[in-house]
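Q: Need coordinates for the following:
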Amino acid sequence: MKPSGPIPLGYEAENGMLLIGDCGVASLIGEAGDTPLFVYDMGGVRSTIGRLRVSMPDCLHLHYAIKANPYAPLLAAMAGLVDGFDIASGGELAMAREAGMAADRISFAGPGKRDDELEAALVAGVTINLESEGEARRALALADRLGVTPRLAVRVNPDFDLKGSGMKMGGGAKPFGVDADRAAALAGSVIAAGADWRGWHIFAGSQALDTLAIIEAQARTVELAARLSEEVGRTPPVVNIGGGLGVPYFPGDLPIDVRAIGLALEESLTIPPAILEESAFAMELGRYLVAEAGVYLTRVIDVKESHGEHFAIVDGGLHHQLAASGNFGTVVRRNYPVAIANKFGAEPAARPVTIAGCLCTPLDRLADKILLPPVEEGDIIAIFMAGAYGATASPGAFLGHAPAHEMLLGN
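A: Just a heads-up that it's a prediction; the model follows:
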C-alpha cells in the first residue's frame, strides 16, 4: 500500500458526492458532456490570491505565470485579479492579449525565442526578459528595423539556487538567463543602445516547500539586484524576484508559511538598498495560485485483477494529467491526492488498488496501490491538485485519444 497526498482543504461531500464549488461532481460531468473532465474553481483561486494579498507587502506586484494553466476562461478571470501576466512563448502572448491583459503588464521570458515571437512582443510593447547576449542582439536589431523602442529586462542566472526546490532554475550552468557576472554588462549595453531598460528578472527555483529557504533566496535576490544595479549605475524600474512557492502534492508534504515569507519580504522591501528605493517589485506565481483549485475527473471503465493485484482502468490518463502519473519531473513516483468522487468520505476497502489509464504504456498510472472505497465500474475517480500543469503540460495527441473537457466555475 502507498499513501496518497493530502486532499486540499475545503472539499466536501453531499450524500457521498464530492462537491466542487458547491456543485456535485455528477451534475458537472452531465453539464460538460462526459469524462475525462478538468474542473477549476475560480472561488478557490480568488481565496488563494486574497490570502497572498493580505500576507505580502503592499508594494509587491503579483503576476500570474500563465504556463501553469492557460485555459482561456480562467485567464480572462485572472486578468482582473493579478497585476500582470508572465508568458513564455508567442502563443502565450496571444492568449494573454485575448484575455484582456494590457501589454505593459506582460513580461516574456524563456530561452529560444524565435524572431517572429520577438517581433510580436516588440510590436505589442511587452517587456522581453533577455536570456542571452545573442537574444539581446537580435531584439535590438529587430526593434531598429521596426522603428520601435524595445522594452528589455535582463533575466539573471543567479549565483545561488533555491534550496529544496523541485526544479532549480538558477545557480550553476543553466539554459535560463545570463550568468550574474555578465548581467550588468548586458544591461549597460541595452541602455547604451537606446532601449527602455525595464530591470531584472531573477528566478532561482520553483516548487519549494521550505519556508526558510524561500526567505533566504528572496533576500539574496534583492541583494543581487542591488549589486547588479550598482554596477550598471542606474535604478531598475522593476525587479521580478521570481516565484518558487510550492504546494503540497504528496504524502508528508506540508504547506509553506506564506505569512512568514511576507513578513520577511516586507522587512527587505520597506527599506531596500538605496539604489532600489524607486524600484517596483514583482513576484510571479503559477501553480501556487491555481493548483489546489483544480480537480481531474475520470470514469472507471474496468476493474480487474492481475497476479493478485487489483486494478481500476479509467478513461483518462497521462495524456491529460502527465504530472499525476509521475512523468513530469518527479524522480520517485508518489501519489497525488486521489478519491472516489461518488463515494467521497466512505471507508476504504481492505485491499489497495492501482488506478491505471487507458493508454498502452506501463507509465500510464494515476495512482499506485492506494486504499480507496471498493471500486466499481462507473465510479468517478477524482485527482486533486490538478489546476496547474495538467492538460497543456501533457502529451494530448498520444494514441489519438480525445482531449479532456475543461470547465471553470464561479467566473
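
Q: only C-alpha atoms for contact and neighbour calcs from this point on.
A: Will do.

Q: In a strand, P362, correct?
A: No - according to DSSP: H, G, I helix; E, B strand; the rest coil, P362 belongs to no strand; its state is coil.

Q: Any chance of the backbone angles for it?
A: As for P362, its main-chain torsions (degrees, to the nearest 10) stand at phi -70, psi -10.

Q: D34 now?
A: Recorded main-chain torsions at D34 are phi 180, psi 170, according to degrees, to the nearest 10.

Q: Please tell me how far it sits from A341.
A: In this structure, D34 lies at 15 Å from A341, with C-alpha to C-alpha, to the nearest Å as the measure.

Q: Comparing the two, which residue is more hemmed in?
A: In this comparison of D34 against A341, neighbours counted by other C-alpha atoms under 10 Å, the higher total goes to A341 at 23 against 15.

Q: Next, that one: phi, psi?
A: The phi and psi torsions at A341 (degrees, to the nearest 10) take the values phi -60, psi -30.

Q: Distance of it relative to F384?
A: On the measure of C-alpha to C-alpha, A341 and F384 end up 11 Å apart.

Q: just P255 next, same as before
A: Distance, P255 to F384, by C-alpha to C-alpha: 15 Å.

Q: These two - which one has more neighbours?
A: With other C-alpha under 10 Å as the criterion, P255 and F384 differ in neighbour count, and F384 comes out ahead with 26 against 15.

Q: Give me the pLDDT for that one.
A: Here, the pLDDT recorded for F384 equals 98.

Q: I'd say it and P337 touch.
A: Yes - here F384 lies in contact with P337, judged by C-alpha atoms under 8 Å, at a distance of 5.3 Å.

Q: any shared contact partners between the two?
A: Listed contacts common to F384 and P337 are I7; contacts here mean C-alpha atoms under 8 Å, 6 or more residues apart in numbering.

Q: contact partners of the top helix by length along the chain?
A: What stands out as the longest helix in the chain, according to DSSP state H, is helix 211-232. The contact list for helix 211-232 (C-alpha under 8 Å, 6+ apart) reads 158, 160-164, 180, 183-185, 187-188, 200, 202, 204, 208, 235-236, 239, 241, 244-245, 256-258, 260-261, 264-265, 268, 273, 275-276.

Q: And for stretch 403-411?
A: 21, 32, 34-43, 73-74, 77, 316, 320, 391, 396.

Q: Helices of the stretch 51-200 of the chain, residue ranges please.
A: Secondary structure of the stretch 51-200 of the chain, counting by DSSP state H, counting those that start in this stretch: helices at 72-78, 90-98, 115-124, 133-146, 180-192.

Q: Tell me which of these lies nearest to A293.
A: Across those, the minimum distance to A293, taken as C-alpha to C-alpha, is reached by helix 72-78, at 11.2 Å.

Q: buried set for the closest one?
A: Along helix 72-78, these residues count as buried under the neighbour rule (16 or more other C-alpha atoms under 10 Å): L74, L75, A76, A77, M78.

Q: That helix: how far from the chain's middle?
A: 15 Å (C-alpha atoms, centre = their mean, to the nearest Å).

Q: what about dumping the CA coordinates of it to CSV?
A: Extracted C-alpha coordinates of helix 72-78, given in CSV (Å, rounded to 0.1, in the frame of the first residue of the first chain):
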residue,chain,number,x,y,z
ALA,A,72,-9.0,30.9,-21.7
PRO,A,73,-11.9,31.5,-19.3
LEU,A,74,-9.5,31.2,-16.4
LEU,A,75,-7.1,33.7,-18.0
ALA,A,76,-9.9,36.2,-18.6
ALA,A,77,-10.8,35.9,-14.9
MET,A,78,-7.2,36.2,-13.8
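
Q: Residue numbering should commence at 623 henceforth.
A: Got it, the first residue is 623 from now on, which makes the last one we talked about helix 694-700.

Q: And that helix, what does it pack against?
A: Helix 694-700 is packed against helix 712-720, with contacts defined by 3 or more C-alpha pairs under 8 Å, 6 or more residues apart in numbering; DSSP states H and E.

Q: now what about the longest strand seen in the chain, what contacts it?
A: With secondary structure taken from DSSP state E, the chain has its longest strand at strand 916-928. Contacts to strand 916-928, defined as C-alpha under 8 Å, 6+ apart, come from residues 657-663, 932-938, 943, 997-1010.
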